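Asker: Give me the fold of what follows.
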Amino acid sequence: MKILDEVRSRNAFRLLGYVVMPEHVHLLISEQKKGTPSKALQVLKQKVSRALKEKGKKPTPGQLSLPFSDDTTEAAFWQRRFYDFNVYSGKKLRRKLEYMHANPVKRKLVLHPKDWPWSSWSHYAKAEQGLIRIDTLEESKRMEKQARKSQNPHP
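Answerer: Presented below is the predicted three-dimensional model:
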């Protein structure tokens, strides 16, 4: 989560939702001020891979155990590419968040999304801080309006 927060800060995107699964991750992010989503995800994947490959590194309490080994003949930890989907409405945003948050339940890892701490579910369901700060939708809308005004200062 620390690496995701660092990449978010460096690439200036807003994180609206996430679910970390044992072999993949779902991210709901905004357009970036710097670079492209492809570059940001490339950096994220590289940094996470390096951190997981450190020999002798013991998982910290509460850390998700991921299927990563030193065996270089194994299939890659990350998929080669990511699958993006543009979200243009509040309705579609809610559907994507519901889909993401239900993923651990569908996979039978937990009985309810509240039981999966590696997601943004608690932010939306209970307005609680999770493992990483979630950028609010109101904040995102306000920032987008300000950006449009600064690009087009004359009505």
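Asker: How about the contacts made by the residue nearest in space to the middle of the chain?
Answerer: By Cα atoms, centre = their mean, the chain has its centre lying nearest to Leu27, at 3.3 Å. By Cβ atoms under 8 Å, 6 or more residues apart in numbering, Leu27 lies in contact with 4, 15, 17-18, 41. From N, CA and C alone the C-beta is placed, and that goes for glycine too.
Asker: Of those residues, which is the nearest to His123?
Answerer: Gly17 (8.0 Å; Cβ to Cβ).
Asker: before we move on, the earlier item: kindly indicate whether the residue nearest to the centre of the chain is helix, strand or coil.
Answerer: strand (DSSP: H, G, I helix; E, B strand; the rest coil).
Asker: hey, what's it bridged with?
Answerer: Listed by DSSP bridges, the beta-bridge partners for Leu27 are Tyr18.
Asker: For it, give its distance to Gly17.
Answerer: 7 Å (Cβ to Cβ, to the nearest Å).
Asker: now do Ser38
Answerer: Applying Cβ to Cβ to Ser38 and Gly17 gives a distance of 19 Å.
Asker: between the two, who's got more neighbours?
Answerer: Taking other Cβ atoms under 10 Å, Ser38 and Gly17 do not tie; Gly17 has more neighbours (22 against 11).
Asker: average model confidence for whichever strand or helix holds Asp5?
Answerer: Element membership for Asp5 (DSSP states H and E) is helix 2-11. In this model, helix 2-11 carries a mean pLDDT of 90.
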